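Enquirer: Model the following, please.
(one chain, ligands or ions: 1)
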Amino acid sequence: MKILVTGGAGYIGSVLTRLLLARGNEVRVLDSLIYGGHALLGLFPEDHFTFIKGDIRDATVLRKVLSGTNAVVHLAAIVGDPACARRQTLAREVNLEASLQLLRLSQELGIQRFIFASTCSNYGRTADPLVYLTEDSDLRPVSLYAETKVAVERILLNEEPANGLATCVLRFATVFGLSPRMRFDLTVNQFTMELLTHGKLVVFGEQFWRPYIHVRDVAEAICLALNAPVEKTRKRVYNVGDSSQNYQKGKLAELIRANFPAARIPDYQNR
Ligand SMILES: NC(=O)c1ccc[n+]([C@@H]2O[C@H](COP(=O)([O-])OP(=O)(O)OC[C@H]3O[C@@H](n4cnc5c(N)ncnc54)[C@H](O)[C@@H]3O)[C@@H](O)[C@H]2O)c1
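Expert: Down below sits the predicted model:
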């Protein structure tokens with residue numbers, strides 16, 4: 001398969017690109033390299049790898065990179081609540097407007113599959129944290145980041161795409177694990193880094209539950225969606241996580257701390 005990965009130099013993208021190449025696909029990465037391009041450096045000798053430095057807001061670049069591909073995995077975004085809150089106009093342009101432009105051009109150019117990276121943040125805060133959320137649960141975005149993702153999802157899932165394009169939405173849990181482009185703003189990675197390097201971790205919101213998933217499992221899920229029978233993915237949404245990987249932040253911190261016996265997690269009174 002010939003696959004365009006937008007945001008392929010990022011945390012998930014640089015793991016996914018390697019997996020797709022290892023499975024014999026041709027991969028074209030489009031990325032504006034906000035965080036640099038080091039995560040892709042080792043891939044340049046690969047025969048089936050192409051890199052284009054460019055912005056998904058640029059329609060001319062999009063036409064060029066889409067031509068000749070079968071599938072799009074759309075990861076490029078301003079990612080997370082803090083980043084979107086800091087750069088609101090950019091977040092709307094990239095996460096919403098450019099995503100829709102990419103969708104329209106994919107339809108026009110006869111691409112077969114379009115996988116959209118969405119997030120479990122779309123569900124917002126739930127009244128009862130012990131009730132499992134499913135793909136049918138209400139979406140209650142509480143940040144601009146989630147609002148932009150929900151807005152794109154609605155179009156992908158409700159509009160009849162032209163030219164037979166099969167659109168699929170994957171709502172990832174919070175990701176963790178090693179990647180060539182590391183993110184230390186993600187809970188598990190951050191906790192591990194702080195316990196290892198500072199020997200101390202202050203946890204806020206110990207009681208909050210979140211779902212987690214390893215970055216390689218995210219890459220596997222995307223591969224699965226790319227290769228699944230098209231009727232299983234067309235206009236479908238899937239939560240990408242595991243019910244056994246839901247943790248309260250306090251419990252998660254304790255589990256990680258067990259690997260660093262000298263490190264400590266002060267309680268509220270001793271902070
Ligand atoms: N990491 C998580 O926990 C998580 C959870 C749920 C959903 N997601 C989604 O997965 C996708 C990838 O996330 P990530 O963790 O790899 O983030 P990341 O920030 O590491 O990667 C995003 C990549 O997109 C690129 N990019 C940003 N704006 C661009 C633009 N205008 N044009 C071209 N490239 C641009 C960046 O340079 C970066 O390489 C995002 O859509 C994100 O919303 C991530």
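
Enquirer: mind listing the helices in the stretch 101-250 of the chain by residue range?
Expert: 144-158, 187-197, 215-227, 230-233, 249-257 (DSSP state H, counting those that start in this stretch).

Enquirer: Residue numbers of the protein in contact with the ligand?
Expert: Residues of the chain lying close to the ligand (C-beta under 6 Å from any ligand atom) are 7, 9-13, 30-35, 55-57, 75-77, 79, 94, 117, 119, 172, 174-175, 181, 183, 186. Backbone N, C-alpha and C define where each C-beta goes, glycine included.

Enquirer: Just the buried ones from those?
Expert: Among the residues of the chain next to the ligand, those scoring as buried are 7, 9-13, 30-32, 55-57, 75-77, 79, 94, 117, 119, 172, 174-175, 181, 183, 186 (criterion: 16 or more other C-beta atoms under 10 Å).

Enquirer: hmm, back to that, go through the residues of the chain next to the ligand and flag which are in helices.
Expert: Using DSSP state H, the members of those that fall in helices are 11, 12, 13.

Enquirer: now the helices of the stretch 101-250 of the chain as a markdown table including mean pLDDT, distance to residue 137 and mean neighbour count?
Expert: Supplementary listing: the helices of the stretch 101-250 of the chain in a markdown table, determined by pLDDT from 0 to 100; distance: least, C-beta to C-beta, whole Å; neighbours: other C-beta atoms under 10 Å:
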| stretch | mean pLDDT | distance to residue 137 | mean neighbour count |
| --- | --- | --- | --- |
| helix 144-158 | 97 | 13 | 19 |
| helix 187-197 | 97 | 22 | 18 |
| helix 215-227 | 98 | 19 | 20 |
| helix 230-233 | 94 | 20 | 14 |
| helix 249-257 | 96 | 21 | 18 |
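
Enquirer: show me the contacts for the residue nearest to residue 32 when sequence neighbours are not counted.
Expert: Nearest non-adjacent residue to residue 32, counting by C-beta to C-beta, 6 or more residues apart in numbering: residue 55, 4.7 Å away. Residues near residue 55 by C-beta atoms under 8 Å, 6 or more residues apart in numbering: 32, 61, 98.

Enquirer: if we take these, which one ends up nearest to the ligand?
Expert: Checking these against the ligand with C-beta to the nearest ligand atom, the nearest one is residue 32 at 3.7 Å.

Enquirer: Go ahead and confirm that closest one touches residue 51.
Expert: No: using C-beta atoms under 8 Å as the test, residue 32 is too far from residue 51 to be in contact (11.7 Å).

Enquirer: In the protein, what residue spans correspond to strands?
Expert: Ranges of strands within the chain are 2-6, 26-31, 49-53, 71-74, 113-119, 166-172, 174-176, 209-214, 236-240, 246-248, based on DSSP state E.

Enquirer: what comes up buried for stretch 14-33?
Expert: Buried residues in stretch 14-33, counted by 16+ other C-beta under 10 Å: 14-21, 25-32.

Enquirer: Report the beta-bridge partners for the spatially closest residue to residue 134 that is not a sequence neighbour.
Expert: Closest residue to residue 134 apart from its sequence neighbours, by C-beta to C-beta, 6+ apart: residue 239 at 7.1 Å. When bridges are taken as DSSP bridges, the partners of residue 239 come out as residue 171.

Enquirer: what's the burial count for residue 239?
Expert: Other residues within reach of residue 239, judged by other C-beta atoms under 10 Å, total 23.

Enquirer: quick revisit: can you give me the separation between the residue nearest to residue 32 and residue 31?
Expert: 9 Å (C-beta to C-beta, to the nearest Å).

Enquirer: And for residue 25?
Expert: Counting by C-beta to C-beta - residue 25 and residue 31 are separated by 17 Å.

Enquirer: Dump the strands of the chain into CSV; add mean pLDDT and distance to residue 87 as well.
Expert: As requested, these are exported to CSV (pLDDT from 0 to 100; distance: least, C-beta to C-beta, whole Å):
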stretch, mean pLDDT, distance to residue 87
strand 2-6, 98, 18
strand 26-31, 98, 17
strand 49-53, 98, 20
strand 71-74, 98, 19
strand 113-119, 98, 18
strand 166-172, 97, 21
strand 174-176, 98, 21
strand 209-214, 96, 24
strand 236-240, 98, 26
strand 246-248, 95, 30
